[in-house]
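Enquirer: below is the structure, and that's it, no one-letter string:
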């Protein structure tokens, strides 16, 4: 069904938060887009990625060093996704659309498709966050991982707090070899029509995937003094690390104790405003950690990102104080875990609790 959010309480929360954020940028004279620090950070991750890839192809190291370089490349790929691709695909990196398109194309470095991502993430996930049947991002491994009390119970889920993390690490491999294809050709993503793709996107999907397979499988096989199985181990290790980093950051923002998974009222939709829904389904972690902010691309401040996705994440520390105070003023929840590990523990406890029914 077409889902609508109904502001039944006539809350002024979001308009007030937006006015305060607009006032902050006006008073400081800052642009809501990238500043010098953001460009420096983007350069660091992109240069690091290129350097690691170049060192691998240089064929100057033994197998164990090559494995370490592959793991490092997987981590840098995830950090580019967080810090460069994500902001650009939201139109938050620059006021110039061509700059956002160019930097959004860094998503191809992960073997992922920017066009499909903008549908599944920008449109569906950001609109219908944590709503079963609509937000497919919470369908981590259907039938294997249970994150909502309304989901069916399977006997093996009593062990999910142990095996879930291994499944998260498969996220990147799934993305490269199946997820983009499946999402592209599904008639619906959630309840969103997904049948009218421009012709060029069909070509781009297959051409970009072929290019990724060439640069990360065929070319290394041709130039490196490694057996095919050693190359395969390096490729898989790179993606397992990348997938685990990507998976954990998402889970710690939406699947922790306190976040809700609201079920729409039939024929009536969600009985609260969209912004209030975001406050109930999203959580921050390590909001005062400069390290988390640097590597996670501001996604540790997921609340601010969901409310203001077109603001570059470099400004989220300032927005955090504004949003938190506004939530307090309107008696709304503001969910946060003080550190990465406290959020990880909260996610673990939630998995264990939801698996206990099995």
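Expert: In hand now; what should we look at? Just so we're clear, the structure is a prediction, and the values are computed from it rather than from any experiment.

Enquirer: the closest residue to residue 337 other than its chain neighbours: neighbour count?
Expert: In this structure, residue 337 finds its nearest non-sequential neighbour in residue 343, 3.7 Å apart by C-beta to C-beta, 6 or more residues apart in numbering. No exception for glycine: its C-beta is placed from N, CA and C like everyone else's. Each residue near residue 343 was counted by other C-beta atoms under 10 Å, and the total is 25.

Enquirer: quick one: residue 343 is in a helix?
Expert: Yes - assignment of residue 343 by DSSP: H, G, I helix; E, B strand; the rest coil places it within a helix.

Enquirer: what sits against it?
Expert: 252, 256, 283, 285, 286, 337 (C-beta atoms under 8 Å, 6 or more residues apart in numbering).

Enquirer: if we use 7 Å, what do you get?
Expert: By C-beta atoms under 7 Å, 6 or more residues apart in numbering, residue 343 lies in contact with 252, 256, 285, 337.

Enquirer: most neighbours among those residues, which one?
Expert: Across the contacts of residue 343, neighbour numbers were computed from other C-beta under 10 Å; residue 285 holds the maximum, 28 neighbours.

Enquirer: separation between that one and residue 106?
Expert: Applying C-beta to C-beta, to the nearest Å, one obtains 25 Å for the distance of residue 285 from residue 106.

Enquirer: next: residue 163.
Expert: Here the distance between residue 163 and residue 106 works out to 32 Å (C-beta to C-beta).

Enquirer: where exactly do the strands run in the stretch 251-358 of the chain?
Expert: With strands called from DSSP state E, counting those that start in this stretch, the stretch 251-358 of the chain shows them at 284-285, 336-337.

Enquirer: how many other residues sit next to residue 127?
Expert: Neighbour count for residue 127, taken as other C-beta under 10 Å: 17.

Enquirer: one more: residue 283?
Expert: Applying other C-beta under 10 Å, we find 25 residues neighbouring residue 283.

Enquirer: for it, what are its contacts?
Expert: Neighbours of residue 283 in contact, by C-beta under 7 Å, 6+ apart: 253, 256, 258, 259, 302, 335, 336, 337.

Enquirer: just the buried ones out of these, please.
Expert: 253, 256, 259, 302, 335, 336, 337 (16 or more other C-beta atoms under 10 Å).

Enquirer: more neighbours: which of residue 163 and residue 106?
Expert: The residue with the greater number of neighbours, taking residue 163 and residue 106 and applying other C-beta under 10 Å, is residue 106; the counts read 23 against 16.

Enquirer: three-state assignment of the more buried one?
Expert: When classified by three-state DSSP, residue 106 comes out as helix.

Enquirer: ok, it touching residue 80?
Expert: Yes - with contact defined as C-beta atoms under 7 Å, residue 106 and residue 80 form a contacting pair (5.5 Å).

Enquirer: quick one: closest of the strands of the stretch 251-358 of the chain to residue 96.
Expert: Taking C-beta to C-beta, strand 284-285 is the member of the strands of the stretch 251-358 of the chain nearest to residue 96, at 29.5 Å.

Enquirer: residue 120 reaches residue 192, doesn't it?
Expert: No - contact between residue 120 and residue 192 fails when scored by C-beta under 7 Å: they sit 8.8 Å apart.

Enquirer: inside helices: which ones of the contacts of residue 283?
Expert: Under the assignment DSSP state H, the contacts of residue 283 contribute 253, 302 to helices.

Enquirer: sorry, back to before: how about a markdown table for the contacts of residue 343, with distance to residue 99 and pLDDT added?
Expert: Supplementary listing: these in a markdown table, determined by distance: C-beta to C-beta, whole Å; pLDDT from 0 to 100:
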| residue | distance to residue 99 | pLDDT |
| --- | --- | --- |
| 252 | 30 | 94 |
| 256 | 34 | 94 |
| 285 | 30 | 96 |
| 337 | 34 | 96 |
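
Enquirer: can you give the strand pairings for the worst-scoring helix or strand of the chain on mean pLDDT, parallel or anti for each?
Expert: Of the helices and strands making up the chain, the lowest-confidence element is strand 192-193, at a mean of 85, by mean pLDDT, DSSP states H and E. Neighbouring strands of strand 192-193 in its sheet, by DSSP bridges, are strand 188-189 (antiparallel).
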